[in-house]
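> here is my input; please provide its structure:
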Amino acid sequence: MGETLSDLFQADASRLPHERKALRAQLLAQRKAWLALPAAHAAGAALGQQLRELLEQLEPQCLGLYWPLEGEFNAAEQIQGHAWEQAPQLALPYAHKSPRFMDYRRWDGSSPTIQDECGIGSSVGALVVPDVVLVPCVGFTREGFRLGYGGGYFDQWLSLHPGVISVGLAWSVSEAHFAIEPHDQPLTLVLTEREIVAP
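All right, here's what the predicted structure looks like:
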């Protein structure tokens, strides 16, 4: 008996997580190799300049940052000491594993003294809802979709806060092509050291 159209769609859906896992591993290895090159040394400053100029236009009241993992752009470091007309309140995400969800907590800008349930630096401050959030990207598409580490935390949070401006931060070497899944949330913008991707 031949496969039905429904069977084919289900087969495609079952392949997606495996394909994303392989792509994630490839992009992380690619990023690590690229960051070791001399050409990558100026990338952080260039992306930082792009970010500061964008934030001056957006004028966030509360800015959601993230504590960077290895190879990720350190946005907090780049905006420390920036001469804001009116400095935004800062916040860091806190990921919970069971049930799986994420919230943002007010942050004073100092080195985190706690980690969330995924082992990433966070804050003990009061719960807040940023109006602009910065989102790290393992990979991104020209359409503004991101590939993260597979937990779905940012996608879930963004789906619950549709009015928030989301800015993906990525290295240009992280541009990729991948199939979109139902839970994927498009970012408002993606910044790299080379350009602003505005879907």
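> show me where the protein dips below the pLDDT cut-off.
Confidence mapping of the chain against pLDDT under 70 gives the ranges 1-17.
> count of neighbours near residue 62?
17 (other CB atoms under 10 Å). All C-beta spots, glycine's among them, are computed from the backbone N, C-alpha and C.
> surely it is in contact with residue 88?
Yes - counting by CB atoms under 8 Å, residue 62 does reach residue 88; the two are 5.9 Å apart.
> between the two, which contacts overlap?
residue 132 (CB atoms under 8 Å, 6 or more residues apart in numbering).
> tell me the helices in this protein, going along the chain?
Secondary structure of the chain by DSSP state H: the helices cover 5-35, 43-58, 75-79, 153-160.
> nearest to residue 176, out of those helices?
helix 5-35 (6.2 Å; CB to CB).
> so how far is residue 155 from residue 183?
Between residue 183 and residue 155 the distance is 5 Å, computed by CB to CB, to the nearest Å.
> these two - which one has more neighbours?
Neighbours were counted for residue 183 and for residue 155 using other CB under 10 Å; residue 155 has more, 20 against 9.
> check contacts around residue 157.
For residue 157, the contact set (CB under 8 Å, 6+ apart) comprises 93, 101-103, 133.
> equivalent analysis for residue 107, please.
Going by CB under 8 Å, 6+ apart, residue 107 touches 65, 90-92, 123, 125.
> any chance of those in JSON lines with neighbour count and distance to residue 141 as columns?
Compiled in JSON lines, the contacts of residue 107 are given as follows (neighbours: other CB atoms under 10 Å; distance: CB to CB, whole Å):
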{"residue": "65", "neighbour count": "25", "distance to residue 141": "23"}
{"residue": "90", "neighbour count": "22", "distance to residue 141": "28"}
{"residue": "91", "neighbour count": "25", "distance to residue 141": "27"}
{"residue": "92", "neighbour count": "25", "distance to residue 141": "26"}
{"residue": "123", "neighbour count": "24", "distance to residue 141": "31"}
{"residue": "125", "neighbour count": "16", "distance to residue 141": "33"}
